[in-house]
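Q: with the sequence up front, the predicted model follows.
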Amino acid sequence: SVERVRISELMMTEALTRKPADEAGPGDIIALPGIPEIMIGETIADPDDPRPLPLITVDEPAISMTIGTNTSPLAGREKGTKVTARLVKDRLERELVGNVSIRVLPTDRPDAWEVQGRGELALAILVENMRREGYEMTVGKPQVVAKEIDGRKHEPVERLTVDIPEEHLGAVTQLMAVRKGRMEHMTNHGTGWVRMEFLVPARGLIGFRTEFMTETRGTGMAHHVFEGYEPWFGELRTRPSGSLVA
């Protein structure tokens, strides 16, 4: 759809501040107040000759967590905390305005919502920001967002690239085998470092970074990006030990 809007003013970014401007050119970072309904990826164009740029596509969410109100006996002990369902819901809806990579879906409980995001880190940042802003909440275990394709259950797969010293090669390969990762490439640079590429189910990467850093003595580097959907990989070994939250 094409809508005509009137821009109230033009603000230009200079260092860390914004100042009013009359015009802006290529490379300038600007802010345009006065457009109420606009989303990331939409084009602002000449009203007499509107030619939109192609819409930006955002990767599908791969991980979901349930975020709800604090139901523990210690809820609301801190002064100025935000504990009610309405406040938590408003904060999640505010996050949707600027964060295109997350989705908030209702659950069968009125005080809990399913929040879907691109990975553990995106959801961890949201939870930490809410905590710092004084919100109290319960957070569920991260799970993968599965999809039904041609009548079969599919799950998101990530392309994982790791750079590690040679001596940790066996430990990392073993770590990935347990998580059903498939090695695609391995490059030995001859410098004592090895680069490996894996295709691994997204749920295999939940909690992976901590174990990876332990196995490589803090020297390894890992990066992963969404690759696509593949048929469900079956049962994955989760934590070998229990966890205690106190």
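A: Sure thing, it's come through.
Q: use CA for all of it now, contacts and neighbours both
A: Fine.
Q: pLDDT averaged over stretch 140-155 - what is it?
A: Averaging pLDDT along stretch 140-155 gives 87.
Q: got the buried residues for it?
A: For stretch 140-155, burial by neighbour count (16 or more other C-alpha atoms under 10 Å) applies to 142-147, 154-155.
Q: just give me the closest of the residues you listed to Thr187.
A: Using C-alpha to C-alpha, Glu155 comes nearest to Thr187 of the buried residues of stretch 140-155, at 27.9 Å.
Q: what's the farthest-apart pair in the buried residues of stretch 140-155?
A: So, these by C-alpha to C-alpha: farthest apart are Pro142 and His154, at 17.3 Å.
Q: for the residue in the chain sticking out farthest from the centre, give its distance to Val2.
A: Among residues of the chain, the one most distant from the C-alpha centroid is Asp48; the distance is 38.5 Å, by C-alpha atoms, centre = their mean. For Asp48, the distance to Val2 (C-alpha to C-alpha, to the nearest Å) stands at 11 Å.
Q: am I right that Ile44 sits in a helix?
A: No. Counting by DSSP: H, G, I helix; E, B strand; the rest coil, Ile44 is not part of a helix but coil.
Q: what's the burial count for it?
A: Neighbour count of Ile44, defined by other C-alpha atoms under 10 Å: 17.
Q: count the residues that sit near the nearest residue to it once chain neighbours are set aside.
A: Closest residue in space to Ile44, ignoring its immediate chain neighbours: Pro52 at 7.7 Å, by C-alpha to C-alpha, 6 or more residues apart in numbering. Close neighbours of Pro52, defined as other C-alpha under 10 Å, add up to 13.
Q: which ones are touching Pro52?
A: For Pro52, the contacting residues are 42-45, by C-alpha atoms under 8 Å, 6 or more residues apart in numbering.
Q: Leu123 contacts Gly117, correct?
A: Yes. Taking contacts as C-alpha atoms under 8 Å, Leu123 lies within contact range of Gly117: 6.2 Å.
Q: so between these two, which is more surrounded?
A: The neighbour count for Leu123 versus Gly117, taken as other C-alpha under 10 Å, is higher for Gly117 (26 against 19).
Q: ok, back up a step: want to throw the buried residues of stretch 140-155 into CSV with distance to Arg179 and secondary structure?
A: Formatted as CSV, those follow (distance: C-alpha to C-alpha, whole Å; DSSP: H, G, I helix; E, B strand; the rest coil):
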residue, distance to Arg179, secondary structure
Pro142, 16, coil
Gln143, 15, strand
Val144, 14, strand
Val145, 17, coil
Ala146, 17, coil
Lys147, 20, strand
His154, 16, strand
Glu155, 14, strand
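Q: and the residues you listed, which is closest to Val100?
A: Distance to Val100 across the buried residues of stretch 140-155 (C-alpha to C-alpha) is lowest for Val145, with 16.7 Å.
Q: pretty sure that closest one sits against His154.
A: No. Assessed by C-alpha under 8 Å, Val145 is found out of contact with His154, at 9.1 Å.
Q: now do the end-to-end distance for stretch 20-40.
A: By C-alpha to C-alpha, the extent of stretch 20-40 from end to end equals 23 Å.
Q: buried ones in it?
A: Ile30.
Q: in this structure, where is pLDDT below threshold?
A: Scanning the chain for pLDDT under 70 picks out 80, 238-239.
Q: can you map out the strands along it?
A: Assigned by DSSP state E, the chain shows strands spanning 11-14, 17-20, 30-31, 63-69, 103-106, 112-117, 137-139, 143-144, 147-149, 152-165, 182-188, 193-201, 221-231.
Q: of those, which is nearest Arg209?
A: Going by C-alpha to C-alpha, the one of these nearest Arg209 is strand 221-231, 7.8 Å.
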